[in-house]
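[1] Turn this into a structure:
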Amino acid sequence: MSDATTINGRPLKPSTLMMGHGFDPVLSEGSLKPPIFLTSTFAFPSAADGKRHFEGITGKRPGGADGLVYSRFNAPNQEILEDRLSIWDGAEDALSFSSGMTAICVLLLTYASQGDVIVHSGPLYAATEGFVAKWMSRWGVSYVDFPAGATREQIDAVLDRAKAQAAENGGKVAMVYLESPGNPTNALVDVEAVRAAVDAAGLDCPIAIDNTFLGPLWQRPLEHGADIVCYSLTKYVGGHSDLVAGSIAGAKKWMDPVRMLRNTMGGICDPNTAWMLCRSLETVELRMQRAGDNAAKVCEFLSKHPKVEGLGYLGMIKDARQQDIYDRHCLGAGSTFSLLLRGGEAECFRFLDALKIAKLAVSLGGTETLASHPASMTHLSVPDERKAALGIGDNLIRISIGIEDPDDLIADFEQALEAV
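    Now for the predicted structure:
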């Protein structure tokens, strides 16, 4: 059985390829779906094969192992998953991890050394920002940041400052790390402007972007100049709030060094989780479309409510700069947004406690609607002055719309707002 990616010269769409790409039933007793391969190690056909595989694993020969070796390095379920993840973003290669933060941490550790500088956008997911600021600094890595929505001129200035800082520390600019939309404000970064600025500055470093809020359906950053795309697969890709995993994807030249460190540290996702993610990839387009349609209807209601001060929803952008970025970079508004209530923490807590359908929980991108209070929950560790600068106030609620009936969700939000 061939693993066709085209028919009559026409490329097949990702939603079609998710049903079988990377797996041949003939190799698994005709099983329609890949079995879960619960094994820690794999038998080599010959000693020469074993030597060749380890030459790839250890980097003595480029390209990685030619076959299966040991499940800390590779395994069938993970390889099928990585093949399918590559398709969505049009990437040459992908790597899976035990969580989104494992993916991000291993990525940053791969490319940053003592004296180096990381340039990043803001806001970032709090754990990402904390890892850069609190942990990478222990190993002599510093950072400079710029706000999402920064213009080309502002990005140029930040890169000049980063180059000077790196030269003073005896290092280099190791990476430009972006998150767009930013968590939890939905602020967008101009990836094309970042690409142009990095090239103009003569930097030989990757541009990585956390695409969790919109990917893989509504934004394809590699097409706009990013080198590496990062995901918390826990969110939309997994989509059922029943697993934790992460991934990165990009050209092999960027993936191979990360693969080497992952081989050493571990952190590859387990076979059961990889199998569940392959299941979820079959419906990711349907789930995200339904949730996106629901979010548009819910936000239309919320935008007119007198107790709502504003919405950070990409379908209702009021800033011209942000709208320009959206028009060039995004294919949809997504289903996660920030709700700004009139009031503060007390009003937000009353709203959250009154919800009946939506669940009061962190995370996002699941089939169910979730709501949380970032300032006191996911971003509690961020210093108050930093939260204020990033627009993460006490009156901000983050909402991730699920696939329930939209009229029921509107009724739930309406009655919860009555409690404010």
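[2] give the contact list for the nearest residue to Pro181 once chain neighbours are set aside.
    Nearest non-adjacent residue to Pro181, counting by C-beta to C-beta, 6 or more residues apart in numbering: Phe213, 4.6 Å away. (Each C-beta comes from the backbone N, C-alpha and C, glycine too.) When contacts are counted by C-beta atoms under 8 Å, 6 or more residues apart in numbering, Phe213 touches Ser180, Pro181, Asn183, Asn186, Lys235, Gly334, Thr336, Leu364.
[3] Can you tell me which of those residues comes closest to Val158?
    Val158 lies nearest to Ser180 out of the contacts of Phe213, by C-beta to C-beta, at 15.6 Å.
[4] Report how many residues lie close to Pro62.
    Counted with other C-beta atoms under 10 Å, the neighbours of Pro62 add up to 10.
[5] Now do it against Phe97, distance only.
    22 Å (C-beta to C-beta, to the nearest Å).
[6] Likewise for Ala127?
    Ala127 is 14 Å from Phe97, where distance means C-beta to C-beta.
[7] So which residues of the stretch 201-350 of the chain form helices?
    Ranges of helices within the stretch 201-350 of the chain are 252-265, 271-281, 284-302, 320-329, 345-354, based on DSSP state H, counting those that start in this stretch.
[8] just checking, what packs against the fourth one?
    The helices and strands touching helix 320-329, judged by 3 or more C-beta pairs under 8 Å, 6 or more residues apart in numbering; DSSP states H and E, are helix 191-200.
[9] wouldn't Thr367 be in contact with Gly239 here?
    Yes: using C-beta atoms under 8 Å, Thr367 is in contact with Gly239, at 6.3 Å.
[10] any common contacting residues for those two?
    Both Thr367 and Gly239 are contacted by Arg287, under the criterion C-beta under 8 Å, 6+ apart.
[11] Neighbour count for the two, which is higher?
    Neighbour totals were compared for Thr367 and Gly239, and Gly239 leads with 25 against 15 (other C-beta under 10 Å).
[12] can you pull the contacts of the more buried one?
    Gly239 sits next to Ser280, Thr283, Val284, Arg287, Met288, Gly365, Gly366, Thr367 when contact means C-beta under 8 Å, 6+ apart.
[13] Okay, it and Cys230: tell me how far apart.
    Distance, Gly239 to Cys230, using C-beta to C-beta: 17 Å.
[14] what domains does the record give for this protein?
    Following automatic domain parsing, one gets these domains for the chain: 75-281, 284-418.
[15] what distance separates the start and the end of the shortest one?
    Spelled out, it's domain 284-418. Domain 284-418 has an end-to-end distance of 34 Å (C-alpha to C-alpha, to the nearest Å).
[16] do the first one as well
    Terminal residues of domain 75-281 are spaced 18 Å apart (C-alpha to C-alpha).
[17] Likewise for stretch 109-128?
    End-to-end distance for stretch 109-128, by C-alpha to C-alpha: 12 Å.
[18] Repeat that for stretch 305-323.
    For stretch 305-323, the first-to-last residue distance is 23 Å (C-alpha to C-alpha).
[19] Same check on stretch 388-403?
    By C-alpha to C-alpha, one end of stretch 388-403 lies 32 Å from the other end.
[20] all strands of the stretch 1-150 of the chain, in order?
    Applying DSSP state E, counting those that start in this stretch to the stretch 1-150 of the chain gives strands spanning 6-7, 10-11, 93-97, 117-122, 142-147.
[21] CSV please, covering these and showing distance to Tyr70.
    Putting those into CSV (distance: least, C-beta to C-beta, whole Å) gives the following:
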stretch, distance to Tyr70
strand 6-7, 34
strand 10-11, 34
strand 93-97, 15
strand 117-122, 31
strand 142-147, 35
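[22] which of the residues in the helix or strand of the chain with the lowest mean pLDDT are buried?
    Ranked by mean pLDDT, DSSP states H and E, the weakest helix or strand in the chain is helix 384-390, scoring a mean of 87. By 16 or more other C-beta atoms under 10 Å, the buried positions in helix 384-390 come out as Arg386, Lys387, Leu390.
[23] same thing with stretch 366-373?
    Those would be Gly366, Thr369, Leu370, Ala371, Ser372, His373, for stretch 366-373 by 16+ other C-beta under 10 Å.
[24] And for it, what's in contact with it?
    Residues outside stretch 366-373 that contact it (C-beta under 8 Å, 6+ apart) are 235, 238-241, 287, 345, 348-349, 352, 355, 357-364, 378, 396-404, 409.
[25] I'd like to know which of those are part of strands.
    If you go by DSSP state E, these have Lys359, Leu360, Leu396, Ile397, Arg398, Ile399, Ser400 in strands.
[26] Please pick the buried ones from those.
    Lys359, Leu396, Ile397, Arg398, Ile399, Ser400.
[27] Looking at these, which is nearest Ala47?
    Ser400 (51.8 Å).
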